[in-house]
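> A predicted structure for the sequence below; I have some questions about it.
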Amino acid sequence: MGNESLNILKKFDLRHTDTRENILRGFLSKSAAMSHGDIETILMEGFDRVTIYRTLKTFVDKGIIHKILDDQGGVKYALCNTNCKSGDHHHDHVHFKCSCCGDTTCLDHVQIPSIDLPIGFKRKEINMLVQGICPNCN
């Protein structure tokens, strides 16, 4: 996993730092989306909240991770697919949140249905969160 996180940093022209590498390792080791608090827990000590926040913002801006809006008003983050790049995310897919374990997962193969907006409205992004019970909890 260490090489993979370093390759991602190199691919997106980001300087290597311990924070960046450790956060990427966390994302690579977990299949579900993570909140800022989840990332703090994974990193344990030695990294302050502001550094983590700035790193997450950089990763979102570069197209490494994307934001997922939680049903409780919070934000979680997940790795982007290979089609994303700086300032250009392609995440027209559904997210699933398990009501038992709380994990949020990207369902890349499930497309968001087409939505016809009234004249004068312009779509910027769509967030779709389906809630239920995941296979691990079922």
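Perfect, thanks for sending it.
> from M34, how far off is the nearest residue in space to C98 that is not next to it in sequence?
Among residues not flanking C98 along the chain, C134 sits closest, at 3.8 Å (C-beta to C-beta, 6 or more residues apart in numbering). All C-beta spots, glycine's among them, are computed from the backbone N, C-alpha and C. According to C-beta to C-beta, to the nearest Å, C134 stands 16 Å off from M34.
> between these two, which one's more packed in?
M34 (23 against 17; other C-beta atoms under 10 Å).
> show me what the longest strand anywhere in the chain is packed up against.
Criterion DSSP state E: the longest strand present in the chain is strand 104-111. Applying 3 or more C-beta pairs under 8 Å, 6 or more residues apart in numbering; DSSP states H and E, one finds that strand 104-111 contacts strand 75-79, strand 93-98.
> verify the stated contact: L107 with D92.
No - using C-beta atoms under 8 Å, L107 makes no contact with D92, being 11.3 Å away.
> give me the number of residues near the residue nearest to L79 when sequence neighbours are not counted?
Distances taken as C-beta to C-beta, 6+ apart place F27 nearest to L79, at 5.0 Å, with adjacent residues excluded. Here the number of neighbours of F27 (other C-beta under 10 Å) works out to 22.
> so which strand or helix has F27?
Assigned by DSSP states H and E, F27 belongs to helix 18-29.
> now the element after that helix, going C-ward?
Following helix 18-29 in sequence, per DSSP H and E, is strand 34-35.
> packing partners of that next one?
Packing partners of strand 34-35 (3+ C-beta pairs under 8 Å, 6+ apart): strand 75-79.
> relative to helix 18-29, how tilted is the strand it packs on?
80 degrees (axes from the mean of the first three to the mean of the last three C-alpha atoms, to 10 degrees).
> show me which residues of strand 75-79 are buried.
Neighbour counts using 16 or more other C-beta atoms under 10 Å place 76-79 of strand 75-79 among the buried residues.
> which helices and strands does that strand pack with?
When contacts are defined as 3+ C-beta pairs under 8 Å, 6+ apart, strand 75-79 sits against helix 18-29, strand 34-35, helix 36-43, helix 49-62, strand 65-69, strand 104-111.
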